[in-house]
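S.K.: Okay, structure incoming, though there's no sequence with it:
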């Protein structure tokens, strides 16, 4: 019969061998950390399927919270998180999250790529509202929003009755009803706050254009992608391409991470 000491020694040897030989751990150490940033009217759970694919492939993944209070404040918040992470880093932004990564990545040498998923990729001085209205087609107008005051300002919510049409037309209604009920609002000041110098001028960029987007028209997405000289992929998807097309989204992130 093995002694207690032998059992402990054997268990330690097995654990050590597993750590040394585990392919997932080894691959994680050699790959960049992927930071996923959500936009307004959503939260980090929108990245679940993409994160699951990337984790399976051995990437470190952080789906960062986005306060949705102001462009400058949200960007500073993300920059503070990035400062705690070892490089290299790949930043992925959806919708307003694209504006946040554009500003937060500036001056951080660990950021090796920016990935925009149906996202805003502003130039210096541009606002969300300018880019959203640059081309016709958006269905996110004032009539589609509910406004609620909070101690620091006014929040905007997409009205539940139009949420699916505006935000996620290629998802089941049962799913979009839940998304509408749990949406996180954005402070309305974010619409008119100018963006700072863009990181995409010096950092390689990638862009997933959602052709059926009713929030950011596809023409606006193509304009921003072309201006940033981004490697661009197009997909038949609503504004939430990362939810309806997670494999396409994950593949573009993998390209950016190489």
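M.R.: Perfect, thanks for sending it. Just so you know, these numbers come straight off a predicted model, no measurement behind them.
S.K.: Pull out the buried residues from the lengthiest strand in the chain.
M.R.: Looking across the chain with DSSP state E, the single longest strand is strand 111-119. Neighbour-count burial for strand 111-119, counted by 16 or more other Cβ atoms under 10 Å, picks out 111, 112, 113, 114, 115, 116, 117, 118, 119. To be clear about C-beta, it is placed using only N, CA and C from the backbone, and glycine gets the same treatment.
S.K.: swap in stretch 122-139?
M.R.: Residues 122, 123, 126, 127, 128, 130, 131, 132, 138, 139 are the ones in stretch 122-139 that count as buried (16+ other Cβ under 10 Å).
S.K.: now stretch 75-95
M.R.: Buried residues in stretch 75-95 (16+ other Cβ under 10 Å): 75, 77-79, 82, 85, 89-95.
S.K.: if we can go back for a sec, in terms of secondary structure, what does the longest strand of the chain contact?
M.R.: strand 89-95, helix 96-104, strand 205-210, helix 218-227, helix 241-244, helix 246-257 (3 or more Cβ pairs under 8 Å, 6 or more residues apart in numbering; DSSP states H and E).
S.K.: Out of these, flag the one nearest residue 198.
M.R.: helix 96-104 (4.9 Å; Cβ to Cβ).
S.K.: Average pLDDT for that closest one, rounded please.
M.R.: Helix 96-104 shows an average pLDDT of 98 in the prediction.
S.K.: now the angle from that helix to strand 205-210?
M.R.: With axes from the mean of the first three to the mean of the last three Cα atoms, to 10 degrees applied, the angle from helix 96-104 to strand 205-210 works out at 170 degrees.
S.K.: So which residues make contact with helix 96-104?
M.R.: Residues from elsewhere that reach helix 96-104 (Cβ atoms under 8 Å, 6 or more residues apart in numbering): 35, 37-40, 66, 68, 71-72, 74-76, 78-79, 82, 91-93, 114, 116-117, 119-122, 128, 186, 190, 195-196, 198-200.
S.K.: now with 6 Å?
M.R.: 37-40, 66, 74-75, 78-79, 91, 93, 114, 116, 119-122, 195-196, 198-199 (Cβ atoms under 6 Å, 6 or more residues apart in numbering).
S.K.: Now do the end-to-end distance for stretch 49-66.
M.R.: Start and end residues of stretch 49-66 are separated by 19 Å (Cα to Cα, to the nearest Å).
S.K.: I should have written stretch 88-102 there, sorry.
M.R.: 17 Å.
S.K.: distance between it and the chain's centre?
M.R.: Relative to the centre of its chain, stretch 88-102 is centred 5 Å away, using Cα atoms, centre = their mean, to the nearest Å.
S.K.: where does the stretch 151-258 of the chain have low pLDDT?
M.R.: Applying pLDDT under 70 to the stretch 151-258 of the chain flags no residue at all.
S.K.: which residues in this protein form helices?
M.R.: Assigned helices in the chain, in chain order: 4-21, 23-30, 48-56, 71-82, 96-104, 128-132, 160-167, 173-181, 218-227, 241-244, 246-257 (criterion: DSSP state H).
S.K.: so the fourth one versus helix 96-104, what angle?
M.R.: I take that to be helix 71-82. 70 degrees.
S.K.: Alright, that wraps it up for me.
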